[in-house]
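In: Quick check, what structure comes out for this input:
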Amino acid sequence: MHDRDHLNLTMLTDFYELTMANGYFASGLADTVGYFDMFFRKIPDDGGFAIMAGVEQLVDYLNRLSFSKEDIEYLRGKHIFREEFLEYLQNFKFCCDVWAVPEGTPIFPGEPIITVRGPMVQAQFVETMVLLCINHQSLIATKTNRIVRAADGRAVMEFGSRRAQGFDGAVFGARAAYIGGCVGTACTISDRRFGVPALGTMAHSWVQLFPSEYDAFKAYAEEYPQNCTLLVDTYNVLKSGIPNAIRVFNEVVVPRGFRPAGIRIDSGDITYLSRRARVMLDEAGFEDCKICASNSLDEYIIRDMLMQGAKVDSFGVGERLITSSSEPVFGGVYKLVAVEGKDGTITPKIKISENVTKITTPCFKEVWRIFDKETDKAMADVITLFDETIDEEQPYTLFDPNHTWKRKTVENFRAVKLRTQIFKDGKCLYQPRALSAIRAYCAAQVDGLWDEVKRFENPHSYYVDLSQPLWEEKQRLLQENQF
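Out: Below you'll find the model as predicted:
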């Protein structure tokens with residue numbers, strides 16, 4: 001890997017993180033230990049769940065936290081920062097504890113998917129990049145998973161680099177799309193860097209450059225007979241594109257001992273064209289030739305195409321995936337939930353708002369997923385105090401934290417902690433996983449959700465409950481802060 005693949009992004013932070021950190025020094029609070037949670041309030045596209053992604057890039061950022069001489073001089077030139085603060089940054093050493101939900105895990109609103117514990121000056125400072133890493137990739141992985149589920153077992157390829165929001169949006173978006181279920185990407189650097197399989201054949205310009213469509217197909221087939229996929233909609237799909245493709249398959253591909261890989265249709269009424277194309281290919285003896293569709297697709301278009309009988313074997317999805325254009329903001333936030341005294345006593349903190357959805361859940365917490373042992377399906381998540389345990393041998397009562405009369409006692413279940421510790425005292429504990437393993441894990445975890453939760457419209461609301469002790473602590477703080 002080249003050095004440019006891993007930039008030091010220490011200064012990619014909101015400026016007020018620095019002014020607050022300097023203020024903590026001025027107030028004698030720099031070493032006060034704070035607990036911050038990252039969580040999100042709403043699932044994109046009003047879906048039933050989201051997908052966790054971006055942890056590896058967050059780990060890389062935290063491992064590289066350091067301030068250069070140029071950084072210090074830039075800050076000194078602002079003439080607002082104390083010298084003791086600048087000296088601290090010059091000798092900066094990350095020393096926080098961090099917990100995270102593993103990449104590929106289905107996640108739900110209100111859950112602390114990241115928790116950072118450490119000196120306020122540090123735990124506050126990393127907020128921007130925590131949110132940037134997790135918000136972006138979780139958004140793309142979530143959108144991708146919707147599209148992949150709409151494809152109903154057919155391969156989906158990520159084709160969106162040229163429409164991504166900047167080069168990092170393309171590179172990391174392709175990574176997130178692979179986690180979400182894509183089989184590969186058009187983004188070559190994401191293959192080299194992360195192992196996301198690079199895929200692609202030709203553009204319309206290839207076909208246009210040659211004297212005829214037939215000549216273009218023939219030249220391509222002669223160079224790539226073992227994996228020949230031809231773009232058939234440059235001129236007329238049914239009158240020239242497919243007939244020329246069939247001719248080249250017979251004249252070039254088959255005589256060399258190969259079978260044609262496929263055709264791609266990028267415009268027109270793809271449902272109709274794919275049905276007609278399937279008939280033409282089958283009649284020519286190429287029943288095994290695949291049909292790929294592209295052109296501004298999303299989960300709804302793909303679902304409708306298949307419902308209408310489209311004969312499509314794979315999809316190339318670009319702008320609407322890589323930008324999550326239907327809802328391009330994930331909306332994760334980062335809030336202080338507790339402060340630890342020098343004697344180790346943890347004091348919970350809460351943010352109260354007239355907007356009930358913006359009231360935070362205080363305390364240092366743990367997140368559990370409750371699975372039915374008979375079906376192995378996820379029934380609910382429970383947020384507890386960090387030192388609480390859930391005894392699988394005893395009945396456990398779940399209740400809606402907003403409508404406490406909604407209660408359900410579960411038995412014959414298993415309770416799994418969702419988060420793992422990825423930093424302890426600044427030392428990285430994160431164990432990297434192959435991206436293909438994360439992708440397989442994601443598919444298995446999504447399979448563990450009820451189909452009702454996976455509906456595109458009006459999905460079943462998956463319950464995220466609070467334990468009784470945590471709920472009582474939250475109510476106590478709400479009552480104490482009434483005015």
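In: Let me see the contact set for residue 42.
Out: Counting by Cβ atoms under 8 Å, 6 or more residues apart in numbering, residue 42 makes contact with 109, 331. All C-beta spots, glycine's among them, are computed from the backbone N, C-alpha and C.
In: Could you do residue 397 as well?
Out: 407, 408, 409, 410, 468.
In: Where does it sit, in terms of helix or strand?
Out: Element membership for residue 397, per DSSP states H and E: strand 396-399.
In: mean confidence score for that strand?
Out: The pLDDT scores in strand 396-399 average 96.
In: Compare the contacts of residue 397 and tell me which is most surrounded.
Out: Tallying neighbours with other Cβ atoms under 10 Å puts residue 410 at the head of the contacts of residue 397, with 16 neighbours.
In: quick one on the thing from earlier: in the strand holding residue 397, what counts as buried?
Out: Applying a neighbour-count criterion of 16 or more other Cβ atoms under 10 Å, one finds 396, 398, 399 buried in strand 396-399.
In: Stretch 338-352 too?
Out: Residues of stretch 338-352 classed as buried: 338, 339, 340, 346, 348, 349, 350 (neighbour count, 16+ other Cβ under 10 Å).
In: Could you do stretch 388-405 as well?
Out: Neighbour counts using 16+ other Cβ under 10 Å place 390, 392, 396, 398, 399, 400, 401 of stretch 388-405 among the buried residues.
In: Among the buried residues of strand 396-399, which one lies nearest to residue 32?
Out: Among these, residue 399 lies closest to residue 32 (Cβ to Cβ), at 34.1 Å.
In: and that closest one, what are its bridge partners?
Out: residue 407 (DSSP bridges).
In: Now for the nearest residue to residue 8 once chain neighbours are set aside, how many residues are close by?
Out: Excluding the flanking residues, the one nearest residue 8 by Cβ to Cβ, 6 or more residues apart in numbering is residue 64, at 5.2 Å. Neighbourhood size, residue 64 [other Cβ under 10 Å]: 13.
In: Wait, residue 64 touches residue 9, no?
Out: Yes: using Cβ atoms under 8 Å, residue 64 is in contact with residue 9, at 7.3 Å.
In: could you pull out the helices for the stretch 301-450 of the chain?
Out: Under the criterion DSSP state H, counting those that start in this stretch, the stretch 301-450 of the chain carries helices at the ranges 319-322, 435-447.
In: and among those helices, the most buried is which?
Out: Mean neighbour count (mean count of other Cβ atoms under 10 Å) peaks for helix 319-322 among the helices of the stretch 301-450 of the chain, with a mean of 24.
In: ranges for the helices of the stretch 101-250 of the chain?
Out: Going by DSSP H, counting those that start in this stretch, the stretch 101-250 of the chain shows helices at 120-123, 127-151, 167-180, 188-194, 204-209, 213-223, 242-248.
In: From the contact counts, what lies against the shortest one?
Out: Using 3 or more Cβ pairs under 8 Å, 6 or more residues apart in numbering; DSSP states H and E, the elements in contact with helix 120-123 are helix 15-26, strand 33-39.
In: Tell me how far it lies from the chain's centre.
Out: Mean C-alpha position of helix 120-123 versus that of the full chain (Cα atoms, centre = their mean, to the nearest Å) differs by 26 Å.
In: do the same with the fourth one
Out: Helix 188-194 has its average C-alpha position 17 Å from the chain's average C-alpha position, going by Cα atoms, centre = their mean.
In: Need the residues that contact that helix.
Out: Helix 188-194 is contacted from outside by 1, 5, 170-171, 174-175, 178, 184-185, 196-198, 435, using Cβ under 8 Å, 6+ apart.
In: Out of those, who's the most crowded?
Out: Neighbour counts for those (other Cβ under 10 Å) peak at residue 174, which has 31 neighbours.
In: Let me see the contact set for that residue.
Out: Contacts for residue 174 (Cβ under 8 Å, 6+ apart) come out as 158, 161, 182, 185, 187, 190, 194, 196, 322.
In: and if you look at residue 416?
Out: By Cβ under 8 Å, 6+ apart, the residues touching residue 416 are 368, 369, 371.
In: Now render the contacts of residue 397 as CSV, adding pLDDT and distance to residue 378.
Out: Below are the contacts of residue 397 laid out as CSV (pLDDT from 0 to 100; distance: Cβ to Cβ, whole Å):
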residue, pLDDT, distance to residue 378
407, 94, 18
408, 94, 14
409, 96, 17
410, 96, 12
468, 97, 21
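In: Give me the mean pLDDT for stretch 147-165.
Out: For stretch 147-165, the mean confidence score works out to 97.
In: what's near enough to touch the residue sitting nearest the centre point of the chain?
Out: The residue lying closest to the centre of the chain (Cα atoms, centre = their mean) is residue 138, at 2.4 Å. Contact partners of residue 138, counting by Cβ under 8 Å, 6+ apart, are 40, 50, 51, 52, 53, 54, 107, 176, 330, 332.
In: Same question for residue 7.
Out: Contacts of residue 7 (Cβ under 8 Å, 6+ apart): none.
In: Now with 10 Å, please.
Out: 60, 61, 64, 168 (Cβ atoms under 10 Å, 6 or more residues apart in numbering).
In: Same check on residue 324?
Out: 44-45, 136, 139-144, 146, 165, 173, 176, 298, 330.
In: Quick check: bridge partners of residue 384?
Out: Per DSSP bridges, the residues bridged to residue 384 are residue 366.
In: Let me know whether it touches residue 366 as I believe.
Out: Yes: between residue 384 and residue 366 there is a contact under Cβ atoms under 10 Å: 5.1 Å.
In: Please identify every residue contacting each of these two.
Out: Counting by Cβ under 10 Å, 6+ apart, the shared contacts of residue 384 and residue 366 are 390, 417, 467, 470.
In: and the second one, what are its bridge partners?
Out: Right, the one you point to is residue 417. Judged by DSSP bridges, the bridge partners of residue 417 are residue 368.
In: What average pLDDT does stretch 317-333 get?
Out: Throughout stretch 317-333, pLDDT has a mean value of 97.
In: can you put the helices and strands packed on helix 120-123 in TSV and add mean pLDDT?
Out: What follows is the helices and strands packed on helix 120-123, written out as TSV (pLDDT from 0 to 100):
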stretch	mean pLDDT
helix 15-26	96
strand 33-39	98
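In: between the ones you listed, which one is nearest to residue 262?
Out: Taking Cβ to Cβ, strand 33-39 is the member of the helices and strands packed on helix 120-123 nearest to residue 262, at 42.2 Å.
In: and the closest one, which strands flank it?
Out: strand 114-119 (antiparallel), strand 333-340 (antiparallel).
In: looking at those strands, which is buried most?
Out: A comparison of the strands paired with strand 33-39 by mean neighbour count, using mean count of other Cβ under 10 Å, puts strand 114-119 on top with a mean of 24.
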